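[1] how would this look folded up:
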Amino acid sequence: MKIRSFFDEQNVHRRVSILFLSIGIIWMALMGGMIVEIHINLLTLLSLLSQTSYKTENAWRLGGVVGGIVLWIIIWLFFYISSSRFIPRIIGANPPSKTENAILSNLIEEVAISSGVSNYKVIPFILEINEPNAFASGKSPKDGSIVITRGMMNILNREELRAVIAHEFAHLKNGDSLFSIQALSFCWAILAISTGAYYFVLIAFSLLFLRFIFDYENYNGLL
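    As a prediction, the model looks like this:
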């Protein structure tokens, strides 16, 4: 069995990232088109699209497909640009104190030099929980962050902490964190489009109910 080198692993992650991005585009395009199709059928049921041409409906379907793709790209770009700071913040991590920041920044610098990375910008964060854990966020060592829990800070000495930071730094360098960002952005995109679909369907059924009430009152008026 051939052992893959570090650079082989990086190339694999790049290919997987491109594949994941492509799958996201296809999935969101299908979701956008499907949501528009559902609403065309609902509005037709309400007799609100009886005079609408097939060409216009196709334009709406295309708009749904394009809208799904645009939504996916916007969310993906947001996470790609801001994940190094946004993800630590949403889980409750904060910048360390001045003393801890000096220690962690010094360890990150040592790891970067040992890894042969001269141009880096990795920001440390502290998550105030007792469980020992750590993770990296961001697209690369040039724009990344490392979150370390308070429990990890309390039980490790300097050399052990350096080993943990080296492990997380390797995730940034290897592109593992970028893959996680894409997975997270894909989940957020599905959540966003599903939430939008829910409210659109809710509005459509509300209109259907109001139409039923209106027709019922008119029917009683005729009697």
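[2] Contacts for stretch 168-181 next, please.
    Residues outside stretch 168-181 that contact it (CB atoms under 8 Å, 6 or more residues apart in numbering) are 6, 9-10, 13-14, 16-17, 20, 79-80, 83, 87, 108, 111-112, 115, 117, 122, 134-141, 144, 146. (Glycine included, C-beta is placed from N, CA and C.)
[3] Next one: Ile213 from Val201, what distance?
    Going from Ile213 to Val201 by CB to CB, to the nearest Å gives 19 Å.
[4] Kindly report the same for Thr99.
    54 Å.
[5] who has more neighbours, those two?
    It is Val201, of Thr99 and Val201, that has more neighbours when counted by other CB atoms under 10 Å, with 14 against 8.
[6] got a list of what the more buried one touches?
    Val201 is in contact with Ile38, His39, Leu42, counting by CB under 8 Å, 6+ apart.
[7] residues touching the last one, list them.
    Read that as Leu42. Leu42 neighbours (CB under 8 Å, 6+ apart): Val201, Ala204, Phe205, Leu208.
[8] Let me know the helix or strand that it is in.
    Using DSSP states H and E, Leu42 sits within helix 6-45.
[9] after that helix, next one along is what?
    helix 54-90.
[10] and of the contacts of Val201, the nearest to Ile91?
    Checking these against Ile91 with CB to CB, the nearest one is Ile38 at 34.7 Å.
[11] Find the nearest non-adjacent residue to Glu168, please.
    Counting by CB to CB, 6 or more residues apart in numbering, Glu168 lies nearest to Ala136, which is 4.0 Å off, once chain neighbours are set aside.
[12] so where does the spatially most central residue of the chain fall, helix or strand?
    By CA atoms, centre = their mean, the chain has its centre lying nearest to Ser185, at 1.4 Å. Remark: Ser185 resides in helix 176-222, with elements defined by DSSP H and E.
[13] Averaged pLDDT, that helix. What do you get?
    Mean pLDDT, helix 176-222: 73.
[14] what about the chain, any weak spots by pLDDT?
    Along the chain, segments meeting pLDDT under 70 span 1-14, 43, 45-52, 211, 214-223.
[15] Please verify my assumption that the residue nearest to the centre of the chain contacts Leu71.
    No: with contacts counted by CB atoms under 8 Å, Ser185 stays clear of Leu71, the gap being 10.6 Å.
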